[in-house]
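1. Pasting the sequence and the predicted coordinates here, then a few questions.
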Amino acid sequence: MNFSKTASYSLNVLSYMATHDNNMSAAFLHEKLSIPYPYLRQVLTSLSKSGFIHSTRGRSGGFAFSKQKSDIFLADIIESTDGLESLNKCILGFNSCPFNNECSMHKVWEETRNGILKVLKSTSLSDLVRTPD
């Protein structure tokens, strides 16, 4: 299972921002994450429209969270980019199970997919931030 490039970049940006508590400019995020700048701007705009972050202008401006990190779950991010239904695809690439029969991987993939969904729905950005032991 692969997420789209947009979903991967969105997860990467928000995960990085979650480990730091200050505003971050697009240029700073571009430098740190090596995401192509035009694509990064599109991702930041999308994340802003989805309500995860907001931007402020000016000398100390940049992007910051609009919500608490504990209120943003990985499933929310995937839903805003790819939609969670993107995980409903057949692992073998079929549009639907051939001949109205479940493929040999159906039950295994269904269990795996449900496990992935459970992790995505129960993991918030604050869960990703490591606390010192």
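-> On my side now, so go ahead.
2. pLDDT below threshold where in this protein?
-> Applying pLDDT under 70 to the chain flags residues 1, 94-101, 130-133.
3. Mind doing that once more with 50?
-> Residues of the chain that meet the criterion pLDDT under 50 lie in 133.
4. any idea where the helices of it begin and end?
-> Here the chain has its helices, by DSSP state H, at 5-18, 26-33, 37-49, 74-81, 106-122, 125-128.
5. do you know which of these lies nearest Gln68?
-> Gln68 lies closest to helix 125-128 among the helices of the chain, at 7.4 Å (C-beta to C-beta). C-betas here are computed from N, CA, C, even on glycine.
6. for the closest one, which positions count as buried?
-> Leu125 (16 or more other C-beta atoms under 10 Å).
7. Please name every helix or strand in contact with it.
-> helix 5-18 (3 or more C-beta pairs under 8 Å, 6 or more residues apart in numbering; DSSP states H and E).
8. again, only this time at 10 Å
-> Here helix 125-128 is seen to pack against helix 5-18, helix 74-81 when contacts are counted using 3 or more C-beta pairs under 10 Å, 6 or more residues apart in numbering; DSSP states H and E.
9. export these to CSV and tack on mean neighbour count and distance to Pro36?
-> As requested, the helices and strands packed on helix 125-128 are exported to CSV (neighbours: other C-beta atoms under 10 Å; distance: least, C-beta to C-beta, whole Å):
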stretch, mean neighbour count, distance to Pro36
helix 5-18, 19, 9
helix 74-81, 20, 16
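10. Now distance to Asp127 too, for the ones you listed, in TSV please.
-> As requested, the helices and strands packed on helix 125-128 are arranged in TSV below (distance: least, C-beta to C-beta, whole Å):
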stretch	distance to Asp127
helix 5-18	9
helix 74-81	9
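11. quick one, which of those helices is nearest to Ser126?
-> helix 5-18 (6.9 Å).
12. Enumerate every residue touching the residue nearest the centre of the chain.
-> Relative to the mean C-alpha position of the chain, the nearest C-alpha, by C-alpha atoms, centre = their mean, is the one of Leu11, at 3.3 Å. Taking C-beta atoms under 10 Å, 6 or more residues apart in numbering as the definition of contact, the neighbours of Leu11 are Phe3, Leu74, Ile77, Ile78, Thr81, Leu125, Leu128.
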